[in-house]
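Participant: Sharing a sequence plus its predicted fold:
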Amino acid sequence: MTDWPLAAAVAVVAAVYASVGHAGATGYIAVMTLWGLSPDVIRPTALLLNVIVATIGTVQFARAGHFDRRLLLPLVVASVPAAALGGWLALPKAAFETLLGIVLGIAAIRIAIEALGSGRGLPGDAAGPTPRLPADTALRTAALVATGGSVGFVSGLTGVGGGVFLTPVLLALRAAPVRTIAATSAAFILVNSLAGLTGGIAAGRSVPLPGFALVVAAAVGGAIGANLGAFRLPATAIRLLMAAVLAMGSAKSLL
């Protein structure tokens with residue numbers, strides 16, 4: 001995996017996703033699928049690249065003061081074991097490709113809607129309307145634990161860090177200001193990617209090294225994207241392009 005066009009695509013994916021607090025696993029999966037790599041290589045490689053980019057995003061958002069432990073902890077309590085379980089499971093190739101196609105298709109639709117709509121997935125400061133989470137602390141915690149467990153299992157199973165699902169859920173629940181949600185998503189992706197890798201290793205599957213070119217591409221793209229996201233640069237055209245790439249990867253998997 002030292003193909004320079006592939007490395008360039010990974011850098012673009014990392015930059016686009018990092019600008020909104022994500023790590024880019026769905027994008028990495030899409031481009032690697034289009035490059036014809038096997039599922040056994042795609043899933044662990046996407047998680048490894050996720051760890052790199054999510055670490056950059058987590059550090060940056062934490063330094064900016066947008067990190068909220070009270071929101072993150074209930075999510076990861078259930079997500080970490082669920083992601084490890086998902087990473088341990090090995091789906092038949094046809095089932096994996098079908099699930100992967102659905103995941104990429106959902107991601108493509110969501111990104112396209114955000115690009116054509118309000119763009120509320122971009123980091124911001126507005127707290128928004130009253131949260132839809134239960135006011136009772138125990139019920140709120142239970143709702144977050146259930147959300148984290150569900151997203152964590154899917155993330156480990158598919159090689160997706162989970163941010164592409166978690167962020168819209170937290171936005172729909174109005175769980176926190178948008179920048180806090182972005183910070184939470186970055187940290188959530190980091191711990192779940194590590195859990196997914198751990199589950200795969202525990203199941204006896206090897207983790208192929210992504211190669212120096214892809215590591216550098218992910219790190220550079222992630223750093224650039226996180227910096228651009230801090231200044232709220234418009235990314236409508238890039239988001240639409242990424243939605244098209246994800247849709248092509250989805251179609252390739254499903255067909």
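Facilitator: Structure received. Numbering: from 1, shown residues only.
Participant: wait, isn't Gly196 in contact with Val151?
Facilitator: No: using CB atoms under 8 Å, Gly196 makes no contact with Val151, being 11.8 Å away. To be clear about C-beta, it is placed using only N, CA and C from the backbone, and glycine gets the same treatment.
Participant: quick one, which of those two is more surrounded?
Facilitator: Gly196 (35 against 26; other CB atoms under 10 Å).
Participant: chain center to the strand or helix carrying the more buried one, what's the gap?
Facilitator: In this structure, Gly196 is located in helix 178-202 according to DSSP states H and E. Here helix 178-202 is found 8 Å from its chain centre; the criterion is CA atoms, centre = their mean, to the nearest Å.
Participant: quick one: the next helix or strand after that helix to helix 178-202, angle?
Facilitator: Where DSSP H and E defines the elements, the next helix or strand beyond helix 178-202 is helix 212-230. Per axes from the mean of the first three to the mean of the last three CA atoms, to 10 degrees, the angle that helix 212-230 makes with helix 178-202 is 160 degrees.
Participant: what's helix 212-230 packed up against?
Facilitator: Where contact means 3 or more CB pairs under 8 Å, 6 or more residues apart in numbering; DSSP states H and E, helix 212-230 is packed against helix 4-18, helix 39-63.
Participant: List the buried residues for the helix holding Gly196?
Facilitator: Judged by neighbour count (16 or more other CB atoms under 10 Å), helix 178-202 contains these buried residues: 178-200.
Participant: now do stretch 30-38
Facilitator: Across stretch 30-38, burial judged by 16+ other CB under 10 Å covers Ala30, Val31, Met32, Thr33, Leu37.
Participant: what's the answer for stretch 137-156, then?
Facilitator: 140-141, 143-145, 147-156.
Participant: How about stretch 92-106?
Facilitator: Residues of stretch 92-106 classed as buried: Phe96, Glu97, Leu99, Leu100, Gly101, Val103, Leu104, Gly105, Ile106 (neighbour count, 16+ other CB under 10 Å).
Participant: Same question for stretch 55-72.
Facilitator: Thr55, Ile56, Gly57, Thr58, Gln60, Phe61, His66, Phe67, Asp68, Leu71, Leu72.
Participant: go on, stretch 216-225?
Facilitator: Ala217, Ala218, Ala219, Val220, Gly221, Gly222, Ala223, Ile224, Gly225.
Participant: and the residue nearest the centre of the chain, what is it in contact with?
Facilitator: Centrality entry for the chain: nearest residue to the mean C-alpha point is Gly163, 3.7 Å, by CA atoms, centre = their mean. Gly163 makes contact with Tyr17, Gly21, His22, Ala23, Ala25, Ala54, Ser185, Ala186, Phe188, Ile189, according to CB atoms under 8 Å, 6 or more residues apart in numbering.
Participant: ok, of the helices and strands packed on helix 212-230, where does mean pLDDT dip lowest?
Facilitator: Among these, helix 39-63 has the lowest mean pLDDT, at a mean of 87.
Participant: I would like the residues contacting the helix or strand just after that one, please.
Facilitator: Using DSSP H and E, the helix or strand that follows helix 39-63 in sequence is helix 69-88. Outside helix 69-88, the residues that touch it by CB under 8 Å, 6+ apart are 47, 140-141, 144-158, 162, 166, 170, 175-176, 180, 184, 187-188, 191-193, 195-200, 202-203.
Participant: go with 7 Å
Facilitator: With contacts defined as CB atoms under 7 Å, 6 or more residues apart in numbering, helix 69-88 is touched by 141, 144-145, 147-149, 151-157, 162, 175-176, 180, 184, 187-188, 191-192, 195-200, 202-203.
Participant: now the stretch 1-150 of the chain, which segments are flagged as low pLDDT?
Facilitator: Filtered on pLDDT under 70, the stretch 1-150 of the chain yields the residue ranges 1-2, 93, 117-132, 134-136.
Participant: If we use 90, what do you get?
Facilitator: Scanning the stretch 1-150 of the chain for pLDDT under 90 picks out 1-5, 16-48, 50, 57-70, 78-141, 143.
Participant: Contact partners for the residue lying closest to Ala9 once chain neighbours are set aside?
Facilitator: Setting aside the residues directly before and after it, Ala9 is nearest to Val31 in space (CB to CB, 6 or more residues apart in numbering), at 4.4 Å. By CB under 7 Å, 6+ apart, the contact set of Val31 is Leu6, Ala9, Val10, Val13, Val245.
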